[in-house]
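Colleague: here is a sequence with its predicted model. Questions after.
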Amino acid sequence: MTTTAAAAPATTPAAGPLPPGLVQSPRMVWTTRIIGIAAAVMVALTVWLGLWVTPPDKVQGDLVRLVYIHPGVAWVALYLAFGLAAVSSLLYLWPRTRSLFWDRLAAASVEVGVVFNVCTLISGSIWGRPTWGVWWAWDARLTLTAVLLILFLGYLTLRRVPAEPDVRAKRCAYAALFAAVDIPLVHFSVVWWKTLHQGATVLNANLSPSIHGSMAWTLLLGFVALTLVFVWMLLVRYRIGALEDYLGTGELEVALLERRSEGADGLAAPGSGAADVTASDVSTTDVTASDVAEVAR
Amino acid sequence: MNYVVAGYSIVLGILFLYGVHLLWRRRRWTRLVARVEASRPPVDPAPGDR
């Protein structure tokens, strides 16, 4: 799939070229594609090594194979995605670096992070059932991770509250920083409190990994693969944010724009009896409050 | 091993579906922006350009 202006008319006959600010360079398009392909290949390799090549654990048996995926998704959610969202929000609030780029990056990062956070909780729960005997325990690490998910879901909800872009960006940046306070709490929860959850396998206090050989390499590969998946998703999600911001309208108005532009296509279609009406005669940009109210009724 | 397979399937399934959803959303917005741009009335040239 491509988003270049050159390819757009091939898929959408009535569509014109994208405005200059939204045209992606071929290098960016190819970078995104290569990252996506590399991520898919590495995830497939991780699954193959994790399920068929690495040996079972002496204590946990085959259940240890979840270690190649669960810490990886947790690493992406907690540290990469939410960490990046916090840094981006800070850079937005810093007057010298204030730009909607950081706000858009934070939003993209949080959305992808929420998906990875859900994956973390689900894979952890599936691992917990056979090892602890329960799907869920009100353990410090688990509970704080769930709280983190709720906080960032709140962030996404806040983004949908109608407001001027700058106002929205500012309030969301504060919300992201507030939510990010939970990240170190999640990380150190296994150190500060007595928890069911095991301590760090690699990034422990002595920086001495308690995993070796093919298991360690597969774990590392899983981290790299899921990091690439995150980067790819972030690039695509950022692009969507840029397109959304360009139109700068609410969901309802966008639906109206879509309907009207489809109507314009129909009017201009040959044999429709209205071929003399061009697409430009039907403005799709003059959505007014009365239009919205009319549809709402 | 059932738990392991379930864990891999669910996590990778969620990531796959979200990835497809992202591609669909990008395609939809790209088309919408292109259509809106195409349907905008052409800008009149500046008097000096005539």
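Modeller: Here it is on my side, so go on.
Colleague: from now on I want contacts and neighbour counts done on CA atoms only, so please keep to that.
Modeller: Noted.
Colleague: tell me how chain A divides into domains.
Modeller: Domain assignment for chain A, taken from automatic domain parsing, gives A:26-248, A:252-296.
Colleague: between the ones you listed, which one is closest to B:H21.
Modeller: domain A:26-248 (10.2 Å; CA to CA).
Colleague: columns mean pLDDT, distance to chain B and mean neighbour count on top of the domains of chain A, output as a markdown table?
Modeller: Conversion of these to a markdown table gives the following (pLDDT from 0 to 100; distance: least, CA to the nearest CA, whole Å; neighbours: other CA atoms under 10 Å in any protein chain shown):
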| stretch | mean pLDDT | distance to chain B | mean neighbour count |
| --- | --- | --- | --- |
| domain A:26-248 | 90 | 5 | 18 |
| domain A:252-296 | 48 | 4 | 16 |
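Colleague: dump these to JSON lines, plus distance to B:Y8.
Modeller: As requested, those are exported to JSON lines (distance: least, CA to CA, whole Å):
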{"stretch": "domain A:26-248", "distance to B:Y8": "7"}
{"stretch": "domain A:252-296", "distance to B:Y8": "37"}
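Colleague: how about those domains, which one is nearest B:L15?
Modeller: domain A:26-248 (7.5 Å).
Colleague: gap between the closest one and the chain center?
Modeller: Here domain A:26-248 is found 9 Å from its chain centre; the criterion is CA atoms, centre = their mean, to the nearest Å.
Colleague: one more: stretch B:15-23?
Modeller: 10 Å.
Colleague: pull out the buried residues from it.
Modeller: B:15, B:19, B:22-23 (16 or more other CA atoms under 10 Å in any protein chain shown).
Colleague: considering only these, which also neighbour chain A?
Modeller: B:15, B:19, B:22-23 (CA under 8 Å from any CA of the partner chain).
Colleague: can you tell me how far A:A108 sits from A:T195?
Modeller: According to CA to CA, to the nearest Å, A:A108 and A:T195 sit 32 Å apart.
Colleague: please apply the same query to B:E37.
Modeller: On the measure of CA to CA, B:E37 and A:T195 end up 56 Å apart.
Colleague: now do A:F188
Modeller: 11 Å.
Colleague: contact residues of chain B facing chain A?
Modeller: B:1, B:3-4, B:6-8, B:10-11, B:14-15, B:18-19, B:22-23, B:25-27, B:29-42.
Colleague: rerun that using 7 Å as the cut-off
Modeller: Residues of chain B lying close to chain A by CA under 7 Å from any CA of the partner chain are B:1, B:3-4, B:7, B:11, B:19, B:22, B:25-26, B:29-41.
Colleague: just checking, which of those belong to helices?
Modeller: B:3-4, B:7, B:11, B:19, B:22, B:25-26, B:29-39 (DSSP state H).
Colleague: which residues touch A:G36?
Modeller: Going by CA atoms under 7 Å, 6 or more residues apart in numbering or on different chains, A:G36 touches A:229, A:232.
Colleague: again, 6 Å this time
Modeller: A:W232 (CA atoms under 6 Å, 6 or more residues apart in numbering or on different chains).
Colleague: from A:L177, how far out is it?
Modeller: 29 Å.
Colleague: same deal with B:M1?
Modeller: For B:M1, the distance to A:L177 equals 40 Å [CA to CA].
Colleague: A:T145 too?
Modeller: 16 Å.
Colleague: would you map the strands across the stretch 151-297 of chain A?
Modeller: Secondary structure of the stretch 151-297 of chain A (DSSP state E, counting those that start in this stretch): no strands located.
Colleague: hey, where'd the helices end up in it?
Modeller: For the stretch 151-297 of chain A, helices defined by DSSP state H, counting those that start in this stretch occupy the ranges A:165-180, A:182-192, A:213-247, A:251-268, A:289-296.
Colleague: format the ones you listed as TSV; extra columns: distance to A:L93.
Modeller: Compiled in TSV, these are given as follows (distance: least, CA to CA, whole Å):
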stretch	distance to A:L93
helix A:165-180	7
helix A:182-192	20
helix A:213-247	19
helix A:251-268	27
helix A:289-296	32
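Colleague: any idea which residue sits dead centre in chain B?
Modeller: B:R26 (0.6 Å; CA atoms, centre = their mean).
Colleague: remind me which residues of chain B are low pLDDT?
Modeller: B:42-50 (pLDDT under 70).
Colleague: how about 90 then?
Modeller: Along chain B, segments meeting pLDDT under 90 span B:1-2, B:30-50.
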